[in-house]
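# Sequence and computational prediction follow.
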Amino acid sequence: MKFKQKISGLFVLILVASCATNPFTGSQTMALVSNDQLFPTAFQQYNQVLSENKVITGTSQSEMIKRVGQRISVSAERWLNANGYQGYLEGYKWEYNLIESEQINAWCMPGGKIAFYTGILPIAENETAIAAIMGHEVAHALANHGQQRMSAAYIQQGIALAGNVLIEDNQTRDIFNQSYGIGTQVGVMLPFSRSHETEADKIGLILMAVAGYNPEEAANLWRRMDANSGGQAPPEFLSTHPANASRIENLTNLVPQAKSEAKKFGVSEFRSLGKY
């Protein structure tokens, strides 16, 4: 029993001592890995991705990716500074690249390294939708979602290890391992990931609005994403992302809040869609 108490106490101590503040929600988040550790690794991985793929440069589309990225990063800095988080972006090294690939994807690594794949451009259709994607991906980095997922994985692994140490009966241990793996994945890790996606949608909507892009286009983008998928998606409870219908409804409902935030920065009119 004392050993169990020590294990439990150790996990509590780690969680309390390893927390960061999400500037957009004010909530405490897990931070078992610091940005000082995370950023160099992310930058190295980003450079490796660039070296292994064809990076598009000197085209109107690649220049658009850089233009939108710069506007979103400026928007993020303005919002953070205005809300008492001066210096929050210390260590960020923004970079925006367009990669030739049929993948319908874009991402932002911790520290501000961003990649868009050409496969997502036809669905985006316009610069405003690119801003919606950019805002969402940047939001993941700003809210330290990568850091949180890594921390959660460490805790998941640590509890599994503790369970195997503490449970002496082989049959009980086997049952624990099977139920724990499925239970934590479906009941904890996947909902955790979906909550990050929903949070990034909200933050991204604010960032694009402050940058002068109409947040109403984000829901339209996801309508096109939904049409492109042909309805082929796993049930929401088995997915890392919210269902498209849920996402569209949520984005639509958040538009007034995003516009209200933009007005605080003097933005009351938005750029044209910027079709390409």
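Looks like it came in fine. Numbering: from 1, shown residues only.
# Mind jotting down where the helices sit in the stretch 101-250 of the chain?
For the stretch 101-250 of the chain, helices defined by DSSP state H, counting those that start in this stretch occupy the ranges 121-124, 127-142, 145-166, 170-184, 190-210, 216-229, 244-264.
# can you pull the contacts of residue 247?
Contacts for residue 247 (Cβ atoms under 8 Å, 6 or more residues apart in numbering) come out as 197-198, 201, 222, 241. C-beta here means a position set from N, CA and C on the backbone, and glycine is covered the same way.
# Next, the buried residues of stretch 216-228.
216-222, 225-226 (16 or more other Cβ atoms under 10 Å).
# again with stretch 112-130
112-118, 120-121, 123-130.
# ok, back up a step: lowest average pLDDT across the helices of the stretch 101-250 of the chain?
When the helices of the stretch 101-250 of the chain are ranked by mean pLDDT, helix 170-184 comes last with a mean of 51.
# quick one: secondary structure of residue 267?
Following DSSP: H, G, I helix; E, B strand; the rest coil, residue 267 is assigned to coil.
# Show the pLDDT at it.
At residue 267, pLDDT is 96.
# what sits against residue 74?
residue 211.
# Show me the strands in the stretch 1-150 of the chain, by range?
Ranges of strands within the stretch 1-150 of the chain are 19-21, 28-30, 55-56, 95-99, 106-109, 113-117, based on DSSP state E, counting those that start in this stretch.
# and those strands as a markdown table, adding mean pLDDT and distance to residue 142?
Converted to a markdown table, those look like this (pLDDT from 0 to 100; distance: least, Cβ to Cβ, whole Å):
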| stretch | mean pLDDT | distance to residue 142 |
| --- | --- | --- |
| strand 19-21 | 71 | 12 |
| strand 28-30 | 68 | 12 |
| strand 55-56 | 98 | 24 |
| strand 95-99 | 97 | 15 |
| strand 106-109 | 90 | 9 |
| strand 113-117 | 95 | 12 |
